[in-house]
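**Student:** following is a predicted model, sequence given first.
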Amino acid sequence: MKHSVWLIWFGSLAAILRGEGWVVTAGHFALWGTLAAHLAEFVVKRGVMERAGGSMGNHFVQTMIYGLFHWKPIEDAQRG
């Protein structure tokens, strides 16, 4: 499930690079919307990742790529 996010990244890039008209617009919307959502997730859930330890740079990259599929299992483990 985690790797399904790559479909959004590659699909939006393909739409931008190979599409025409509204497809390019949709690709930009998906790309920048996903990027903004993942950045907001990192800011909001930074405390979860700090408590987990490890490299914050790694947590940032993983959150920017996978979003909640990165931080949610960490948060669940901390609660359990």
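**Tutor:** Great, that's in hand. Residues are numbered from 1 along each chain as shown.

**Student:** drop to CA atoms for contacts and neighbour counts, all remaining ones
**Tutor:** Noted.

**Student:** tally of neighbours for Trp6?
**Tutor:** As a burial measure, the neighbour count of Trp6 was computed by other CA atoms under 10 Å and equals 12.

**Student:** how much space between it and Ile65?
**Tutor:** Computed with CA to CA, to the nearest Å, the distance linking Trp6 and Ile65 is 8 Å.

**Student:** show me where the chain has helices.
**Tutor:** Assigned by DSSP state H, the helices in the chain fall at 5-18, 22-44, 46-52, 56-66, 68-79.

**Student:** mind putting those helices into JSON lines with mean pLDDT?
**Tutor:** As requested, the helices of the chain are exported to JSON lines (pLDDT from 0 to 100):
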{"stretch": "helix 5-18", "mean pLDDT": "96"}
{"stretch": "helix 22-44", "mean pLDDT": "97"}
{"stretch": "helix 46-52", "mean pLDDT": "97"}
{"stretch": "helix 56-66", "mean pLDDT": "97"}
{"stretch": "helix 68-79", "mean pLDDT": "96"}
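
**Student:** just give the nearest non-adjacent residue to the residue most central in space within the chain, would you?
**Tutor:** Most central residue of the chain, judged by C-alpha distance to the mean C-alpha position with CA atoms, centre = their mean, is Gly67 at 3.4 Å. Residue nearest to Gly67 in three dimensions, not counting chain neighbours: His38, with 5.1 Å by CA to CA, 6 or more residues apart in numbering.

**Student:** tell me the contacts of that neighbour?
**Tutor:** With contacts defined as CA atoms under 8 Å, 6 or more residues apart in numbering, the neighbours of His38 are Thr63, Met64, Ile65, Tyr66, Gly67, Leu68.

**Student:** show me what contacts the first one?
**Tutor:** When you say that, I think you mean Thr63. Taking CA under 8 Å, 6+ apart as the definition of contact, the neighbours of Thr63 are His38, Leu39, Glu41, Phe42, Phe69, His70, Trp71.
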